[in-house]
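Participant: Give me coordinates for this.
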Amino acid sequence: MNRLKKYFYGLIVFAIFIFLSTGDSRADDTCMFSVTADEVPPNIVLLLDNGAEMQQVQWHSGYTSTDTYTPVPGGLALNGMDDDGDGDTDEADEDDVVQNGGSGSGFFNPNGYGMVDHGGLYYLVAIKDNLEFADYSEGIQATSSDSSNGIGTWTINSQTVSLPAQASAVVDADGVKDNAGMLRYSQNYLNWIFFSGLYTGNGSDLERRSRFYNAKKAILNVAKLTSNLAYFGIYNFTNYEGASSVQPLGMVVQTVNTPTTDNVLDPAFVNNINNMGTYTYSPLAEGLATIGGLYDSPSSATFTEWVETYCQKNFVIVVSPGISSMDRHGANQYLPKTLEDYDADESGIGEGNIEVDSTIYSIPTNYNGSTMLDDVAHYMYTHDMVGYEVGFQNVITYTVGFMGDLESNLFLINASNNGNGNLNLYDPNHPEYSKYHFTAESPDELSSVLLAAVNSILSQNMTYTSPVVPVTKTMSGNKIYLAFFKPLEGNFWEGNIVKLGINEDLEVVGKDNLAATWPNGAMRDDAKYYWSTKDWADISAPNGIANDLRKIYTYLGGNRDLLLDETNDFTTANTDHLTAAVLGNPTHATAEIIQYIRGADVFDEDADGYVTDNREVITGDVLHSQPLVVQYVDSNHKATSMVFFGSNDGMLHAVLDSIDPDIEDPNDVISHYGTEAWAFISPDHLPRLKDIVEGSGHQYF
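Facilitator: Presented below is the predicted three-dimensional model:
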């Protein structure tokens, strides 16, 4: 017993020495971590597809896009014969309304239709194979044109309807300017309006905004709600070569408020969004490679000002229907400089194809499009994209499918899989499949879907420090201790130390000897830890502990033998010594501060009516600490392993790691615990503990 007591004293003295001799390392060791937080905000560049599909007019609420409203052509037999005697086999477009000057039996151009303005008059024209509008001379003139409001009126199939022809170029009451130019209509939508018999209106109830309007509105909303937790930049298409910057990478909220809906955006950012226009083509792969080239360019002030540290994470979110056009050429300013089969699917299912559940689909493209977006995403994930900074900085690709079809969304899913280290992952049952892809099937969904993608970046489940492996002879370097943290709303961030193993192939494995990480380094949800300090909050866990039973000490100038002097106890029973003055004169009661630090649910965060039970998380984040593993061997060859770590709950924690009853017997069973033996709060930290409850923002110790 005396030996154990001395051993315990020695641990505390040793640990306190380490704790007190360690200064604030916030500025020095931030890059020990992959941070998604205020310390090193991630760079998020949106590649916004502003091509032809964004000019599509929003649909009426009564229209169902999955239903087919295109009629069977009525003017020709379509029997494989040349019934009209023009020398060619009859086709549906020969019975097209526009081609026949308004007298056909439906709209049959698969490229769709649009309006052009000629001399203040609107003409309904077909979209050509190259996605350009046909000349006005090939269209149907509106019976009346209201160019000031962007509306034209046509009488087709005995039905007179006023159609929105041109998107508004004026900022509306919501602070958004559409600015999409001349609007486009699908053949199916126009057939619903004029030939289905289901629409009986005159056009006054038709939507007048483009899909592009909703994309702008979504970006403005998401940027406001993220409260400068990330640097934002935006690229879109302004010509048929790559992409162009329309919003420099930087902070976009001018004033951060509570609630976040009251945040005030930078007026320059709002203007940049509203002034964006559309462009006919969508060179998706070239656009992504353009962003890669800018990340790698030390001469680009757009990026070098914000790529601050080697550990800063770099993301691209591709917002697109997923259909490429004019997208086949590389350039010296791109990275990669050429568009190639980087994901090597040509030797498998073949370039231009995508597979799901053993079914192979063809990836849709438009005029001169390519299927290289997923190749570029793979390249950017697997290469150092910021060559002028030390270390390895890749670029991670997320995708948001905006009103695409099945095949185009599958293509975007593979781009996001490749862009996160899951090369050509075609198994939809795999937990990483489509994890980084989000789908908006209607314009109104885009805002929430884009916000979900950004939140996925900002609140990635777990991020860990450089691993610490005990190098003592007995441990044989086959255990690994990882420090995790998770940024949360509020001042108290979640921290966690976990113990895992390393197998003979140097893979990180759980106690079941199965892989604990995915090939891309992400932690598996089903990883089996030897122990986890997060479980301390769960009193039903083997290493769980009720907050009132924790052994937490400080030092107030009395007996240095902390166990023999109750004035060193950090408990509510010691408030005669842990006074309000000692705790920095908090506005809350001293007992509440003490109980909160100990892990009690003082403010009933779970709304269960109890304030003495454990909070869901009682261990602060381990953002600027590294686990220290120490092994003690007594004269009987009994080994006890302890792990020490500091966290931003103001404490140095001592964890009983494992006990080996006979260290010299390789067949001996080692017991793993992961229980908190004790914790110590430096007296210098006592006045600052209140800030975890009352302060502004996350606290560092």
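Participant: how about the helices in the stretch 101-250 of the chain?
Facilitator: Counting by DSSP state H, counting those that start in this stretch, the stretch 101-250 of the chain has helices at residues 187-194, 211-225.
Participant: brain fart, the chain
Facilitator: If DSSP state H is used as the criterion, the helices of the chain fall at 2-20, 26-29, 187-194, 211-225, 267-274, 284-295, 301-304, 373-382, 406-418, 446-458, 590-598, 690-694.
Participant: Throw those into CSV and include mean pLDDT, mean neighbour count and distance to residue 249, thanks.
Facilitator: C-betas here are computed from N, CA, C, even on glycine. Converted to CSV, the helices of the chain look like this (pLDDT from 0 to 100; neighbours: other CB atoms under 10 Å; distance: least, CB to CB, whole Å):
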stretch, mean pLDDT, mean neighbour count, distance to residue 249
helix 2-20, 44, 14, 39
helix 26-29, 37, 11, 22
helix 187-194, 98, 23, 37
helix 211-225, 96, 24, 13
helix 267-274, 98, 17, 11
helix 284-295, 95, 27, 9
helix 301-304, 51, 18, 6
helix 373-382, 97, 27, 16
helix 406-418, 98, 25, 21
helix 446-458, 93, 19, 14
helix 590-598, 95, 21, 38
helix 690-694, 91, 19, 32
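Participant: How about the contacts made by the residue most central in space within the chain?
Facilitator: Centrality entry for the chain: nearest residue to the mean C-alpha point is residue 457, 2.9 Å, by CA atoms, centre = their mean. Residue 457 makes contact with 36, 42, 44, 230, 313, 315, 317, 398 under the criterion CB atoms under 8 Å, 6 or more residues apart in numbering.
Participant: so what's the last one bridging to?
Facilitator: Here residue 398 sits in beta bridges with residue 317, as judged by DSSP bridges.
Participant: who touches it in this structure?
Facilitator: So residue 398 contacts 315-318, 416, 419, 436-438, 453, 456-457 (CB under 8 Å, 6+ apart).
Participant: which among those gets closest to residue 612?
Facilitator: Lowest distance from residue 612 to those (CB to CB) belongs to residue 456, with 35.2 Å.
Participant: The closest one and residue 436 touch, don't they?
Facilitator: Yes: using CB atoms under 8 Å, residue 456 makes contact with residue 436 at a distance of 7.2 Å.
Participant: ok, back up a step: how about the contacts of residue 457 in JSON lines, adding pLDDT and distance to residue 429?
Facilitator: Shown next, in JSON lines, are the contacts of residue 457 (pLDDT from 0 to 100; distance: CB to CB, whole Å):
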{"residue": "36", "pLDDT": "38", "distance to residue 429": "28"}
{"residue": "42", "pLDDT": "87", "distance to residue 429": "29"}
{"residue": "44", "pLDDT": "94", "distance to residue 429": "29"}
{"residue": "230", "pLDDT": "90", "distance to residue 429": "32"}
{"residue": "313", "pLDDT": "84", "distance to residue 429": "28"}
{"residue": "315", "pLDDT": "95", "distance to residue 429": "26"}
{"residue": "317", "pLDDT": "98", "distance to residue 429": "25"}
{"residue": "398", "pLDDT": "98", "distance to residue 429": "21"}
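Participant: Of all pairs in these, which one is the farthest apart?
Facilitator: Applying CB to CB across those, the maximum distance is between 36 and 317, 14.4 Å.
Participant: Please say which of the two ends up with more neighbours.
Facilitator: residue 317 (26 against 22; other CB atoms under 10 Å).
Participant: Next up, the contacts around the more buried one.
Facilitator: Contacts of residue 317 (CB under 8 Å, 6+ apart): 44-47, 397-400, 450, 453-454, 457.
Participant: do the same with residue 567
Facilitator: Residue 567 neighbours (CB under 8 Å, 6+ apart): 556, 558-559, 574, 577.
Participant: can you do 10 Å?
Facilitator: With contacts defined as CB atoms under 10 Å, 6 or more residues apart in numbering, the neighbours of residue 567 are 554-559, 574, 576-578.
Participant: sorry, back to before: right, and the helices of the stretch 101-250 of the chain - which one's nearest residue 412?
Facilitator: helix 211-225 (15.3 Å).
Participant: tilt between that closest one and helix 267-274?
Facilitator: 160 degrees (axes from the mean of the first three to the mean of the last three CA atoms, to 10 degrees).
Participant: for helix 211-225, the distance to its chain's centre please.
Facilitator: Here helix 211-225 is found 16 Å from its chain centre; the criterion is CA atoms, centre = their mean, to the nearest Å.
Participant: what's the answer for stretch 653-661, then?
Facilitator: Counting by CA atoms, centre = their mean, stretch 653-661 comes out at 37 Å from the chain centroid.
Participant: Just the CA trace of that stretch, in PDB.
Facilitator: Output in PDB follows, covering the C-alpha atoms of stretch 653-661 (Å, rounded to 0.1, in the frame of the first residue of the first chain):
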ATOM      1  CA  HIS A 653      -5.500  14.300 -17.200                       C
ATOM      2  CA  ALA A 654      -3.900  11.000 -16.100                       C
ATOM      3  CA  VAL A 655      -5.300   7.900 -17.700                       C
ATOM      4  CA  LEU A 656      -4.700   4.400 -16.300                       C
ATOM      5  CA  ASP A 657      -3.800   2.800 -19.700                       C
ATOM      6  CA  SER A 658      -3.000  -0.800 -18.900                       C
ATOM      7  CA  ILE A 659      -1.600  -3.200 -16.300                       C
ATOM      8  CA  ASP A 660       0.600  -6.200 -17.200                       C
ATOM      9  CA  PRO A 661       0.900  -8.600 -14.200                       C
END
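Participant: can you list the domains in the protein?
Facilitator: 2-36+463-694, 43-52+212-458, 57-171+179-202 (automatic domain parsing).
Participant: need these in TSV with distance to residue 700, can you?
Facilitator: Below are the domains of the chain laid out as TSV (distance: least, CB to CB, whole Å):
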stretch	distance to residue 700
domain 2-36+463-694	5
domain 43-52+212-458	17
domain 57-171+179-202	42
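Participant: Quickly compare those and say which is most buried.
Facilitator: Most buried of the domains of the chain, by mean neighbour count (mean count of other CB atoms under 10 Å): domain 43-52+212-458, with a mean of 20.
Participant: Low-confidence ranges, this protein, go.
Facilitator: Scanning the chain for pLDDT under 70 picks out the ranges 1-40, 74-93, 298-311, 390-391, 459-477, 487-490, 520-522.
Participant: Try it again at 50.
Facilitator: 1-38, 301, 461-476 (pLDDT under 50).
Participant: Mind listing the shared neighbours of residue 456 and residue 436?
Facilitator: 315, 317, 398.
Participant: distance of residue 533 from residue 676?
Facilitator: 7 Å (CB to CB, to the nearest Å).
Participant: who touches both of those two?
Facilitator: With CB under 10 Å, 6+ apart as the test, residue 533 and residue 676 both reach 543, 618-619, 653, 655.
Participant: Which of those fall within strands?
Facilitator: If you go by DSSP state E, the shared contacts of residue 533 and residue 676 have 653, 655 in strands.
Participant: Of the shared contacts of residue 533 and residue 676, which is the nearest to residue 113?
Facilitator: The closest of the shared contacts of residue 533 and residue 676 to residue 113 turns out to be residue 619 (CB to CB; 61.0 Å).
Participant: Now the closest one: closest residue in space that isn't a chain neighbour?
Facilitator: residue 495 (4.7 Å; CB to CB, 6 or more residues apart in numbering).
Participant: which residues does the residue nearest to residue 486 when sequence neighbours are not counted contact?
Facilitator: In this structure, residue 486 finds its nearest non-sequential neighbour in residue 494, 4.1 Å apart by CB to CB, 6+ apart. Taking CB under 10 Å, 6+ apart, we find residue 494 in contact with 462, 484-488, 534, 537, 616-622.
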